[in-house]
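Asks: Got a sequence here, can you build the structure:
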Amino acid sequence: MTAVAKGFSDADMRGFADYIGTLPPVPAPAAAAPPDAAKMKQGQALAQQYKCVFCHGADFAGGQQVPRIGGQREDYLRDTLQGFRSGKRPGYSMAMVEAVSHIPPAELDLLAYYAARLPVAGR
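Replies: A predicted model of the protein is given here:
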């Protein structure tokens with residue numbers, strides 16, 4: 001986002017903020033079933049094995065130029081990871097394409113399951 005917003009003026013930023021302020025709140029998600037413990041354990045092991053935690057952090061909270069992926073929607077995470085793997089979603093750099101290109105799709109799905117169910121601080 002920093003690269004995209006770099007050329008925005010203060011007036012541009014205020015305009016975006018004013019517009020976003022008019023949008024309706026996102027409805028609270030329906031109560032979800034407790035996470036599957038076995039899948040969470042597998043996802044955690046994969047996050048360690050593939051070194052996801054090196055950039056995104058143990059809680060997947062991200063930081064600096066690395067996005068928070070913990071607590072994001074599972075379908076978004078799954079589609080994004082599969083897009084990086086296939087090369088259809090290059091991102092701002094090739095880092096994610098390189099990181100996930102060798103990971104089997106089923107394991108990417110487990111990583112998405114795990115990341116989506118990680119607790120997010122402040123929620």
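Asks: ok, the residue nearest the centre of the chain - contacts?
Replies: When the chain is reduced to its mean C-alpha position, the nearest residue by Cα atoms, centre = their mean turns out to be residue 69, at 2.7 Å. By Cβ atoms under 8 Å, 6 or more residues apart in numbering, the contact set of residue 69 is 56, 60, 62, 77, 115. Glycine gets a C-beta too; all of them are placed from N, C-alpha and C.
Asks: residue ranges with poor pLDDT in the chain?
Replies: Applying pLDDT under 70 to the chain flags residues 1, 27-31, 92, 121-123.
Asks: can you give me the helices in it?
Replies: For the chain, applying DSSP state H gives helices covering 2-5, 10-22, 37-49, 52-56, 74-86, 95-100, 105-116.
Asks: Output the fourth one in PDB with nothing but the alpha carbons.
Replies: Taking Å, rounded to 0.1, in the frame of the first residue of the first chain, the C-alpha atoms of helix 52-56 are listed here in PDB:
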ATOM      1  CA  CYS A  52       6.000 -18.600   6.700                       C
ATOM      2  CA  VAL A  53       6.600 -17.400  10.300                       C
ATOM      3  CA  PHE A  54       9.900 -15.800   9.300                       C
ATOM      4  CA  CYS A  55       8.200 -13.000   7.500                       C
ATOM      5  CA  HIS A  56       4.600 -13.100   8.700                       C
END
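Asks: And the residue nearest to the centre of the chain, how far from residue 95?
Replies: Using Cβ to Cβ, to the nearest Å, residue 69 is found at 14 Å from residue 95.
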